[in-house]
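> My questions concern the predicted model and sequence given below.
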Amino acid sequence: MNVAIIGTGYVGLVTGACLAESGNSVVCIDNDAAKVASLREGQLPFHEPLLDDLVAAARQRGKLWFTDQLEQGTRAADIIFLALGTPSGADGYAQVAPLLQCAQDLAATLRHKCLVVVKSTVPPGTCATIQALFDMQLAQGNAAYRVSVASNPEFLSEGSAVADFRNPARIVVGAANDHAAGTLRQLYAPFDPGGKLVMEMDVRSAEFAKYACNAMLAARISLINELANIAGRIGADIAPICRVLRSDPRIGSQYLQPGAGYGGSCLPKDLRALIRMAQDEDEPAAILRSVEQVNQRQIELLYDAIARHFWGRLKGRRIAVWGLAFKPGTDDIREAPSVALIQSLLEAGARVRAYDPLAESAVGSLIPHANLALVDSARQACENADALVVMTEWEEFRAPDFGWLAATLGTPAVFDARDLYQSRELHSFGLRHYRPGQKRLAAIDHGRSWKQPPAPRNNAAAAPDTPRLTAAE
Ligand SMILES: NC(=O)c1ccc[n+]([C@@H]2O[C@H](COP(=O)([O-])OP(=O)(O)OC[C@H]3O[C@@H](n4cnc5c(N)ncnc54)[C@H](O)[C@@H]3O)[C@@H](O)[C@H]2O)c1
Ligand SMILES: O=c1ccn([C@@H]2O[C@H](COP(=O)(O)OP(=O)(O)O[C@H]3O[C@H](CO)[C@@H](O)[C@H](O)[C@H]3O)[C@@H](O)[C@H]2O)c(=O)[nH]1
């Protein structure tokens, strides 16, 4: 089939490359002319495993093209996907105005029979609004054919996007007629060899299914974070508890990793949009609001633990940060917990040296700050640092040289926001280990306000604001 995809971001480009791989002729359209020019030169606008090779192979076979011309790019298409971003507005609603404007522009130029498919995550009713734009063209005599608008939300995750698209868990199709549903079934047949993955439903339900999935994922993460916090308070260890949870098939094994809270371009913004939708319908959405609150608190707890470690005096402290991307396998920092943490540390007067294998340039332009240095290696980040915070579970951070860290870090403490390490091992090197949900600094604050520096206990020679912490603590 001839496929056009409008919006060549994470979703549009992965969809385009995978549909080209499965034999379709694909035109990816983007209104960012510079992005299109780079893509034509073989430069991808972001990092995604396997995507470089996939795009290059499809272009070589003459199956994938890029353009910034909407009319030209859609002229021969049997199916046109809309894959524009739908970020949060200041009010939390999903911003669909650019998508609707794009659909309006498309409706004004489209003169042949084809199917328009909304792949972006959109509030239920958006496809109906777009359908009305096309129907108006027909009613006004500007079009000879009725264009159908279907919903086909995308479920890929960044870092595994190509693999997710090639091997989907399900393919959701919201269509108002058999022809639209049949066309999408045919398009996705190579990704559904057993013929059981396509789930057909009405358009609104398909639109809402996407929000439901992300709400469920976010809720699991907040619940495990809350359980970790309670476990820490009562002296239980969340790691073996997670193993118990994962072993129960009714609970399932994924999205049970406690940490710094969920980030990324989807879970936070889709939660906000869903809460807004509920509010508009006078639904309390009590659980969803709590999911969001717990998530926001996770990063505050981490900052609080770091501040307490330095007895509330972060000014001039040198903090190493490993990992900036919101998850491994991507250079995306949209709503990354690392960004919120670094901003708080900088506001408190700390000096941050950060390292990420992929995401540094994005952070550098987002937080241009004299006290933020982006360095070339994990080791460099720790040189002269007082403490280390691990924010992304990149493979290269999983087995560091703890002996070297203990000798290098000034205080020495590791804030392990992704629960990568074993406390026993760190303690054996004299490193203090903070994990998600850990009982917060009971060992040093003894009920005092954390803003009052306690007298040094284990190291009488240390100045009050430069504690030497031992494994025993
Ligand atoms: N990123 C993900 O992992 C993911 C996964 C599933 C669903 N989604 C959803 O898919 C949608 C797209 O997300 P994304 O992360 O790919 O966004 P993105 O910001 O990476 O890409 C959007 C692209 O659309 C282009 N664009 C904007 N206006 C345009 C116009 N008028 N004409 C042509 N191009 C235009 C932008 O230049 C950009 O390249 C969102 O609704 C998102 O919620 C994202
Ligand atoms: O057990 C877990 C799992 C994830 N996370 C965090 O949750 C966030 C989101 O992770 P993930 O879901 O893997 O990444 P995304 O690429 O944002 O993918 C989500 O958002 C996409 C856009 O809607 C959907 O398509 C995907 O199905 C959905 O998983 C990241 O910050 C993770 O660190 C945890 O803290 N604990």
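Received the coordinates, thanks. Residues are numbered from 1 along each chain as shown. Ligands and ions are numbered 1, 2, ... in the order given.
> which of the residues in stretch 383-399 are buried?
Residues of stretch 383-399 classed as buried by neighbour count (16 or more other Cβ atoms under 10 Å): 385-394, 397. In this view, the C-beta of every residue, glycine as well, is placed from N, C-alpha and C.
> ok, and of those residues, which contact ligand 1?
With Cβ under 6 Å from any ligand atom as the criterion, those include none near ligand 1.
> Using a markdown table, lay out these together with distance to residue 354.
Below are the buried residues of stretch 383-399 laid out as a markdown table (distance: Cβ to Cβ, whole Å):
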| residue | distance to residue 354 |
| --- | --- |
| 385 | 11 |
| 386 | 14 |
| 387 | 13 |
| 388 | 11 |
| 389 | 9 |
| 390 | 11 |
| 391 | 9 |
| 392 | 10 |
| 393 | 15 |
| 394 | 13 |
| 397 | 12 |
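> Distance check, residue 155 against residue 174.
Note on residue 155: its distance to residue 174, by Cβ to Cβ, to the nearest Å, is 14 Å.
> So the two - more neighbours on which side?
residue 174 (28 against 17; other Cβ atoms under 10 Å).
> so where is the chain shaky, pLDDT-wise?
439-473 (pLDDT under 70).
> Show me where it has its strands.
2-6, 25-29, 64-67, 79-82, 115-118, 148-151, 171-174, 198-201, 318-322, 351-355, 372-374, 387-390, 413-416, 432-434 (DSSP state E).
> Show me what counts as buried in the last one.
Spelled out, it's strand 432-434. Of the residues in strand 432-434, those buried (16+ other Cβ under 10 Å) are 432-434.
> go on, stretch 282-298?
So for stretch 282-298, counting by 16+ other Cβ under 10 Å, buried means 285, 288, 291-292, 294-295, 297-298.
> Next up, the contacts around the closest residue to residue 86 other than its chain neighbours.
Leaving aside its sequence neighbours, residue 86 sits nearest to residue 94 (Cβ to Cβ, 6 or more residues apart in numbering; 4.5 Å). Taking Cβ atoms under 8 Å, 6 or more residues apart in numbering, we find residue 94 in contact with 86-88, 121-123, 269-270, 273.
> Let me see the contact set for residue 93.
Going by Cβ under 8 Å, 6+ apart, residue 93 touches 123, 272-273, 276.
> can we see that at 7 Å?
By Cβ atoms under 7 Å, 6 or more residues apart in numbering, the residues touching residue 93 are 273, 276.
> swap in residue 66?
By Cβ under 7 Å, 6+ apart, residue 66 lies in contact with 8, 28, 36, 39-40.
> Please report how far it lies from residue 40.
Residue 66 is 5 Å from residue 40, by Cβ to Cβ.
> swap in residue 334?
Distance, residue 334 to residue 40, by Cβ to Cβ: 25 Å.
> And residue 296, by the same measure?
41 Å.
> again, but for residue 77
19 Å.
> ok, back up a step: most neighbours among the contacts of residue 66, which one is it?
Among these, residue 28 has the most neighbours (other Cβ under 10 Å), with 29 neighbours.
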